[in-house]
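Participant: Next one to model:
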Amino acid sequence: MADDALTHIKQTYFAECEEQLAELESGLIAIADGDRDPETINAVFRAVHSIKGGAGAFHFDDLVRFSHVFETALDNLRSGRIEASPALTKVMLRAADTIADLVTATREGGAIEPSSYQSVLDELAALDANGGEAEEADEFADLGFEPIVVSFDDADMDAADGAVTADGRNLFTIVFKPLRSMYRNANEAGLLLRALGQIGDAEIICDDAELPVLQDLDPEESYLRWRIRLTTEDSEDAIRHVFEFVEDDCDLQIWPGHCDEPPAAVDPLAFLTSADDLPAIAQDGALANAEAQDRAVKIAPPIVHAAAPTIRVEIDRVDRLVDLIGELVINQAMLAQRFVELGVERGSPVALSLDEHDRLTRGIQNSVMAIRAQPVKSVFQRMSRVVREVAAMTGKSVRLDMEGENTEVDKTVIEHLTDPLTHMLRNAIDHGIESPEKRLAVGKRAEGSVRLSATHRSGRIIIEIADDGAGIDRGRVREMAVDKGLIAHDALLSDEEIDELIFHPGFSTAKEVSNLSGRGVGMDVVRKSIQALGGRIGIASRPGHGSIFTLSLPLTLAVLDGMIVKVAGETLVLPLASIVETLQPKADSLRGFGVEDKLILARGAVTPLIDVGLRLGYRAVHADPLGCVVILVESERGGRCALLVDAILEQRQIVIKSLEKNYGLIPGIAAATILGDGRVALIVDVDAVIAGHAGPHQSVQRIQPLQVSA
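Facilitator: Numbers count the residues shown, from 1 in each chain. I've put the predicted structure just below:
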């Protein structure tokens, strides 16, 4: 049981490390971008300090050693002994990457070679304004602590004559008693006492007067108290910093001098030297004049705003809850279907109860989805390291700008974003961004720019990776496609069709194989990963100005609102987020285009009219628009199109079921669902249907080459 408890505590520590590492990275990036807010620097310092504290509790010596040197460099930064500069932040970002690697290696239990981080450790030590940091780190790595355990004796506490030694060093007395909560939070008194020894000469005496006899001892209680006489060059702030993260879990007293008792308490209004200085007090207790109010502000304690309480829940429990919500939604649809079959009137008490049940079901579903929703910040922050590493490997200078990091999406989607984004950023830097020399030659800044952004649009999350590089070399792409036999040498392709060739398995424009590219593995894997999430990927590129890759993904892979329609005898679902309006076509609003295609005049604009049944292969000829219903939809890029369906049945919340896992990829179909009568209905991929409408008699099969996967 004890081993299980320790394992659980370690898991909690590593989970918190992930949060601290994210805080560390975001803070350092802000500092690199010119943020000099002391709170930003303090947040970075606290992140490393927290990682070190937990590592010390578990005796993760390598992690403690590195964290301590890193922490000291950050302390020099926040105290002003060293200044933030591009060179300094570059070293600290490398240190952040290294400490992340150490956390990962420690969590996985792998062996850590000191040589793997020694170079970064040396760079950090060199940042110490006073030098000698590496030696101090080696001393701290020795975590052995042998406390002096003696009975508390007042005779040992002789008072000192003053608070400063003859050579100008400060004298302090510290009385420290841990509470049981300190040990419960995985903190260790020995490490704190060791840290005090690092900032001066400490005489430590342990008071065991409260220690009970063995049979009365509570293993979770704290009985020991320490009195420390410290001689140091530092101030009291340095001492309080040692206890910063346990101040709520211990009894702590600090006073100047090596005396037995603290100096007498000072009246906070003692600076008022005469009766005339006393603030006038009104009967209601309020200060009666501005001067007195100002004095009151100076002595008032700070107001601390408590953070919203949180709990940690295993994701499997939330997933199980999501599955149950899905079943509840299906059950709700089945109940509604049974009531319709029984002829229950809409205004009857039973129907009203069903409506209330539907409202409650939707409320529960929204709440559960909100629990699973997470900001993409956790993934975006990892990309900073990718950009730094690839830029260093290619010898390029690249800046990463991030927007919309707080955009929320289902956790399942987030978990599958890291690899695609990594591939695309590597490609953007390796293939897109030019070398500094080439950029300067064409009038660009030497430093390239990559923008990673996220936003909500039409019920989906849109992620863009944009660079200001050279853009896609379509001539080179076409040449390589011909050489590989992907297209005929005389094929007529639009720019968009040439761009799509880079998603073909094995395709690469790299002239030689490197650690980054040249093997033709990458963009086809990216497309497959995105499609597995029910998403799509698109390209827009301008030679000389850069490229934009757009990922469109569903906000959740569980439930959505849909409109159920009838097409050529089949029941389909259109996502409600894509629908603008529905209308009944009239003869004077229809226009011919080419041999078979039609347009419709809607809201003063001429819009392409797409027969969904024809596009999906359910019928061979166009249906009569006058006997059908038109659904005006909007694509992710803002364009509108009109979809022709036979009839609209109802609007309902549906549970998404993956087709790729259970059957396979179907062009034009995003997923499936179960209807109230138990039948399976396909969910239409609206954007795929629109994108495939490029000419007469074109079916969805024509877009299959653009979706081919490895």
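
Participant: for the residue nearest in space to the middle of the chain, what are its contacts?
Facilitator: Centroid-nearest residue in the chain, with CA atoms, centre = their mean: residue 378, separated by 1.5 Å. Going by CB atoms under 8 Å, 6 or more residues apart in numbering, residue 378 touches 22, 414. Every C-beta, even on glycine, is put in place using the N, C-alpha and C of the backbone.

Participant: Spell out the secondary structure type for it.
Facilitator: Recorded secondary structure, residue 378: helix (DSSP: H, G, I helix; E, B strand; the rest coil).

Participant: And it, how far from residue 23?
Facilitator: 11 Å (CB to CB, to the nearest Å).

Participant: For residue 397, the count of nearby residues, please.
Facilitator: Counted with other CB atoms under 10 Å, the neighbours of residue 397 add up to 16.

Participant: I'd say it and residue 391 touch.
Facilitator: Yes: with contact defined as CB atoms under 8 Å, residue 397 reaches residue 391; the gap is 6.6 Å.

Participant: Look up phi and psi at residue 206.
Facilitator: Dihedral pair for residue 206: phi -100, psi 130, per degrees, to the nearest 10.

Participant: Over to the one 4 residues further on?
Facilitator: Here the main-chain torsion angles of residue 210 (degrees, to the nearest 10) amount to phi -90, psi 0.

Participant: Neighbours of the nearest residue to it once chain neighbours are set aside, how many?
Facilitator: Of all residues not flanking residue 210 in the chain, residue 223 sits nearest, at 4.7 Å (CB to CB, 6 or more residues apart in numbering). If you count neighbours by other CB under 10 Å, residue 223 ends up with 15.

Participant: do residue 420 as well
Facilitator: 26.

Participant: again, but for the one 10 residues further on
Facilitator: For residue 430, the number of neighbouring residues by other CB under 10 Å comes to 21.

Participant: Would you agree it is in contact with residue 394?
Facilitator: Yes: counting by CB under 8 Å, residue 430 does reach residue 394; the two are 6.0 Å apart.

Participant: Could you look up the SS state of residue 631?
Facilitator: strand.

Participant: How is the residue lying closest to it once chain neighbours are set aside assigned, secondary-structure-wise?
Facilitator: Nearest non-adjacent residue to residue 631, counting by CB to CB, 6+ apart: residue 643, 4.7 Å away. Secondary structure, three-state DSSP: residue 643 is strand.

Participant: Okay, and the beta partners of residue 643?
Facilitator: residue 610, residue 631 (DSSP bridges).

Participant: I figured it hits residue 613, correct?
Facilitator: No: using CB under 8 Å, residue 643 makes no contact with residue 613, being 10.1 Å away.

Participant: neighbour-wise, which of the two wins?
Facilitator: Neighbours were counted for residue 643 and for residue 613 using other CB under 10 Å; residue 643 has more, 27 against 23.

Participant: what about that one, distance to residue 684?
Facilitator: Relative to residue 684, and taking CB to CB, residue 643 is found at 8 Å.

Participant: Show the low-confidence segments of the protein, by residue range.
Facilitator: 1-3, 128-162, 263-310, 458-459, 508-522, 557-558, 595, 635-639, 660-662, 692-710 (pLDDT under 70).

Participant: in it, which helix has the most residues?
Facilitator: helix 2-32 (DSSP state H).

Participant: How about that one, which residues are buried there?
Facilitator: Across helix 2-32, burial judged by 16 or more other CB atoms under 10 Å covers 9-10, 13-14, 17, 20-32.
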